[in-house]
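Novice: After the sequence you'll find the predicted model.
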Amino acid sequence: MAEPALHFDPVELPPEAEAIRARVREFIDREVEAGSFVPYGGGGFSGRHAPEFSRRCGAAGFIGMTWPSQYGGGERSFLERYVVTEELLAVSAPVWAHWVADRQSGPVLLRYAEESIRRDILPRIAAGECYFCIGMSEPDSGSDLFSLRSRAESIGDGWRLNGRKVWTSNAHRSHYMIALMRTAAPTGKDRRHGLSQFLVPMDTPGITVNPILNMAGHHDFNEVVLDDALIPEQHLLGDLNMGWKQVTAELAHERSGPERFLDNLPVLYELVRSAGADPGERQAQGIGRLVAQLSTLRHMSLSVAGMLQAGRSPEVEAAVVKDLGTNWAQALPGIVRDLAPLVDGNPDNRGRLEEVLRMSTLLAPKLTIQGGTREILRGVIARGLGLR
């Protein structure tokens, strides 16, 4: 029998993962009691960038959990990190400041950066004091990374960067960007050739960050313009012209986590709260269906975490989780609104639900863009299944 193209083997969380779940819940309870944030999206979907909260997460050992101790890491498993991730995201904790650095930029530096860079930057990430953004998409390329035109030119003792990156989340708040740049022309047989990754300090002269406001009026996205920005030679990450291979491994971290289906979770919480202890039959069925789908997505995501723990690179499985998860989260506000007419008509009760519904509806369109559009993801999945 042929080996299946996709693997989502069941994963059982070890005792140490459940032990850290109890610890992170105690941490969350203390933060909520101290007024650090309002849980379950009660404060809306803004205000998730909170440097002081990130520093406390670092002090608690919740950042860089899988990294070696000499870089400030906790030397814990991917499954323990998964538990901390889902607990923080499930209550809408304000983790955006350190999120990208912890999830994917730190592992990139750990694998490809020079030792002096690792020793300088990784402990600051683990402490919740150093933030990253990702420079991939471009105005004329979108998620088609093979067509990137932003260039890095070798100038002997460094690199000169020119071009534009777009939809760069939190670039205006980040200390560094990991940018995918063209360093050579693609070959006729290999469009992947000629791309390289660079560590770019965001305070480099020649870098301009222009805000892109979303429909809710929030400033998360940006355009980053590179105009003869000069960076040191050692800021090339990994092998010259082989950045695409590195990026695909990085995206397995970005695309498979529980954030891909927990971003819009507050609206489901509000539906359950509003429905109360005795919902109608149709509403109970709708909530049950949503919870069953959420549970399935969670098991698939956890399975990918198990593969990362085993040292595998589950790019295709991660793309499946991202595609299904963000489609589910994007559809969630509409489903909740369809069920909402059955909710108790108490004005206070209905008002809270409507406010979260409004914000989640405005948030939803971006979910299938960040981390790769559904068209790109389905191309990855099709190639993994041997269909193209």
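Specialist: Thanks, I have the structure now. Numbers count the residues shown, from 1 in each chain.
Novice: Quickly note the distance from the residue nearest to F8 when sequence neighbours are not counted to P10.
Specialist: Leaving out its chain neighbours, the residue that sits closest to F8 by Cβ to Cβ, 6 or more residues apart in numbering is S303, at 4.5 Å. Heads up, the C-betas are built off the backbone N, CA and C, glycines and all. According to Cβ to Cβ, to the nearest Å, S303 stands 7 Å off from P10.
Novice: Same question for P139.
Specialist: 43 Å.
Novice: So for the two, which sits in the more crowded spot?
Specialist: Neighbours per residue (other Cβ atoms under 10 Å) separate P139 from P10, with P139 holding more: 13 against 8.
Novice: ok, A59 - contacts?
Specialist: Neighbour list for A59: A127, G128 [criterion: Cβ atoms under 8 Å, 6 or more residues apart in numbering].
Novice: just so I have it, where are all the strands in the stretch 151-300 of the chain?
Specialist: Secondary structure of the stretch 151-300 of the chain (DSSP state E, counting those that start in this stretch): strands at 151-154, 158-166, 176-182, 195-201, 207-213, 219-232, 236-237.
Novice: in the fifth one, what counts as buried?
Specialist: Residues I207, V209 are the ones in strand 207-213 that count as buried (16 or more other Cβ atoms under 10 Å).
Novice: Just grab the bridge partners of the residue lying closest to H219 once chain neighbours are set aside for me.
Specialist: Among residues not flanking H219 along the chain, P211 sits closest, at 4.9 Å (Cβ to Cβ, 6+ apart). For P211, the beta-bridge partners under DSSP bridges are N222.
Novice: Pull up the gap between P211 and E75, please.
Specialist: Counting by Cβ to Cβ, the gap from P211 to E75 is 39 Å.
Novice: likewise E281?
Specialist: Computed as Cβ to Cβ, the E281 to E75 distance reads 50 Å.
Novice: Looking at those two, which is more packed in?
Specialist: More crowded of E281 and E75, by other Cβ under 10 Å: E75, with 11 against 8.
Novice: pLDDT score assigned to the more buried one?
Specialist: E75 is assigned a predicted lDDT (pLDDT) of 96.
Novice: coming back round to it: and the residue nearest to F8, what is it in contact with?
Specialist: Shown in contact with S303 (Cβ under 8 Å, 6+ apart): H7, F8, D9, P10, V11, E317.
Novice: and the second one, that one's in a strand?
Specialist: Spelled out, that is F8. No. Applying DSSP: H, G, I helix; E, B strand; the rest coil, one finds F8 to be coil, outside a strand.
Novice: Can you give me the pLDDT of it?
Specialist: For F8, pLDDT reads 90.
Novice: ok, it - how many residues close by?
Specialist: Neighbours around F8, by other Cβ under 10 Å: 19.
Novice: What separation do you get for it and R298?
Specialist: 12 Å.
Novice: Repeat that for the last one.
Specialist: For E317, the distance to R298 equals 14 Å [Cβ to Cβ].
Novice: neighbour-wise, which of these two wins?
Specialist: E317 (25 against 17).
Novice: give me the number of residues near the residue nearest to the more buried one when sequence neighbours are not counted?
Specialist: Distances taken as Cβ to Cβ, 6+ apart place V304 nearest to E317, at 5.2 Å, with adjacent residues excluded. Here the number of neighbours of V304 (other Cβ under 10 Å) works out to 27.
Novice: Just the element for V304, please.
Specialist: Using DSSP states H and E, the element containing V304 is helix 281-309.
Novice: Can you name the next helix or strand after that helix?
Specialist: helix 315-339.
Novice: so after that following helix, what's the next helix or strand?
Specialist: Moving toward the C-terminus from helix 315-339, the next helix or strand (DSSP H and E) is helix 347-363.
Novice: For that following helix, which outside residues touch it?
Specialist: Contacts for helix 347-363 (Cβ under 8 Å, 6+ apart): 41, 44-45, 214-216, 263-264, 266-267, 270-271, 273-274, 332-334, 336-337, 340, 343-344.
Novice: who's in contact with T208?
Specialist: Counted by Cβ under 8 Å, 6+ apart, T208 has contacts V224, V225, D227.
Novice: how much space between it and A229?
Specialist: The value you get for T208 to A229, if Cβ to Cβ is used, is 10 Å.
Novice: again, but for G41
Specialist: On the measure of Cβ to Cβ, G41 and A229 end up 38 Å apart.
Novice: Check R255 too.
Specialist: R255 is 28 Å from A229, where distance means Cβ to Cβ.
Novice: The two: which has the busier surroundings?
Specialist: R255 (28 against 23).
Novice: correct me, but the more buried one touches A318?
Specialist: Yes. Counting by Cβ atoms under 8 Å, R255 does reach A318; the two are 4.2 Å apart.
Novice: Just list the residues touching the residue lying closest to H172 once chain neighbours are set aside, thanks.
Specialist: Of all residues not flanking H172 in the chain, V209 sits nearest, at 5.0 Å (Cβ to Cβ, 6+ apart). V209 is in contact with T168, A171, H172, M202, N222, E223, V224, V225, counting by Cβ under 8 Å, 6+ apart.
Novice: Number of residues surrounding the residue lying closest to the fourth one once chain neighbours are set aside?
Specialist: Read it as M202. Leaving aside its sequence neighbours, M202 sits nearest to S174 (Cβ to Cβ, 6+ apart; 5.4 Å). Counted with other Cβ under 10 Å, residues neighbouring S174 total 26.
Novice: pretty sure S174 is touching F132, no?
Specialist: Yes. Assessed by Cβ under 8 Å, S174 is found in contact with F132 at 5.6 Å.
Novice: overlap in contacts of the two?
Specialist: V100.
Novice: partner residues bridging A229?
Specialist: L161.
Novice: what are the phi and psi angles of N241?
Specialist: Per-residue torsions, N241: phi 70, psi 10 (degrees, to the nearest 10).
Novice: P205 now?
Specialist: According to degrees, to the nearest 10, P205 has phi -60, psi 140.
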